[in-house]
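J.: Following is a predicted model, sequence given first.
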Amino acid sequence: MTRNIVISQSMYFPWVGMLEQIRLADVFVHYDDVQFSRGSFTNRVQIKTQNGIRWLSVPLKDLRLGQRIDEVLIDDRTDWRRSHRDMLRQAYGKAPFLKDMLDLVDDVFAKDAPTIADIARNSMLALASYFKLDRPAFISSDALTIGGASSERVYDITAHLEGTTYITGHGARNYLDHDLFGQNGISVHYMNYERTPYPQMHGDFTPYVTALDLVANCGTQGATFVHSGTVDWKEFTQ
């Protein structure tokens, strides 16, 4: 019996590729007790508008070097939620499922979320629930009380959760110790993103925008476009 483990930092209203990983997971670990990285997708995401790509960025409060993701506070001195909602409403004003998308956003914004990890997790869970992809068990890495760093920690978490396969995005190619997993009987698979085009407003299709775009354009039927598989690490890295 296989048991797929996905371990990923949380992202704010992530792209469809994150939903692809969630779909394949038996256990999804929010890996938010690690250092926040400026320029990551933890607190920002792209949306597609009639004037091109725009960014939604959650403002951060007193960010310090080395701070963990789950320690980074949101700066609520401005009404950034209203700003993000207005940008989404304007960008997708003519989309067939605008109401679904705005209702989802409103539900996320209504939840208490003092840190960027909180709102990023809430946004991911809301998208997974909307597309009925919330089958996995979702847990937080800090709840596992497993120390260490890099490949060793990822391996220890996977083994602790009795995973038979660790599924990851492409970024792990540059640092993951694949042999550590293989020597201990755990397979490593990389996402084989299909980036399947779906009906999308505002010109040529791009998959690299928030999954709210899929909600607004396709509604719940958007789940049919979330169907990527994986490829073994040896094939992926050859």
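T.: Everything's here; your move.
J.: hey, where'd the strands end up in the chain?
T.: Assigned by DSSP state E, the strands in the chain fall at 4-8, 27-30, 44-49, 52-57, 60-61, 73-74, 137-140, 165-168, 187-192, 229-232.
J.: is it possible to export those strands to CSV including mean neighbour count?
T.: C-beta: built from backbone N, CA, C; applies to glycine. Listed next are the strands of the chain as CSV, based on neighbours: other C-beta atoms under 10 Å:
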stretch, mean neighbour count
strand 4-8, 23
strand 27-30, 23
strand 44-49, 20
strand 52-57, 13
strand 60-61, 15
strand 73-74, 17
strand 137-140, 14
strand 165-168, 23
strand 187-192, 19
strand 229-232, 15
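J.: Of all those strands, which one is nearest residue 99?
T.: Of all the strands of the chain, strand 44-49 sits nearest to residue 99, with 17.0 Å by C-beta to C-beta.
J.: Identify the single longest helix in the protein, thanks.
T.: helix 116-130 (DSSP state H).
J.: same for that helix, what does it pack against?
T.: helix 16-24, strand 73-74, helix 98-110, helix 212-218 (3 or more C-beta pairs under 8 Å, 6 or more residues apart in numbering; DSSP states H and E).
J.: Quick one, which of the strands of the chain gets closest to residue 14.
T.: strand 44-49 (6.6 Å).
J.: What angle do helix 116-130 and that closest one make with each other?
T.: 50 degrees (axes from the mean of the first three to the mean of the last three C-alpha atoms, to 10 degrees).
J.: re the thing from before, ok now the longest helix of the chain, how far from the chain's centre?
T.: 8 Å (C-alpha atoms, centre = their mean, to the nearest Å).
J.: Tell me which residues of that helix come out buried.
T.: Of all the residues in helix 116-130, those buried under the rule 16 or more other C-beta atoms under 10 Å are 116-128, 130.
J.: now could you export just the CA positions of that helix as CSV?
T.: C-alpha atoms of helix 116-130 as CSV (Å, rounded to 0.1, in the frame of the first residue of the first chain):
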residue,chain,number,x,y,z
ILE,A,116,1.4,35.0,7.0
ALA,A,117,1.4,31.2,7.6
ASP,A,118,-2.1,31.4,8.9
ILE,A,119,-3.6,33.2,5.9
ALA,A,120,-1.6,31.2,3.4
ARG,A,121,-2.8,27.9,4.9
ASN,A,122,-6.4,29.2,5.1
SER,A,123,-6.2,30.2,1.4
MET,A,124,-4.8,26.8,0.4
LEU,A,125,-7.4,24.8,2.3
ALA,A,126,-10.2,27.0,0.9
LEU,A,127,-9.1,26.3,-2.6
ALA,A,128,-8.7,22.6,-1.9
SER,A,129,-12.2,22.4,-0.4
TYR,A,130,-13.8,24.3,-3.3
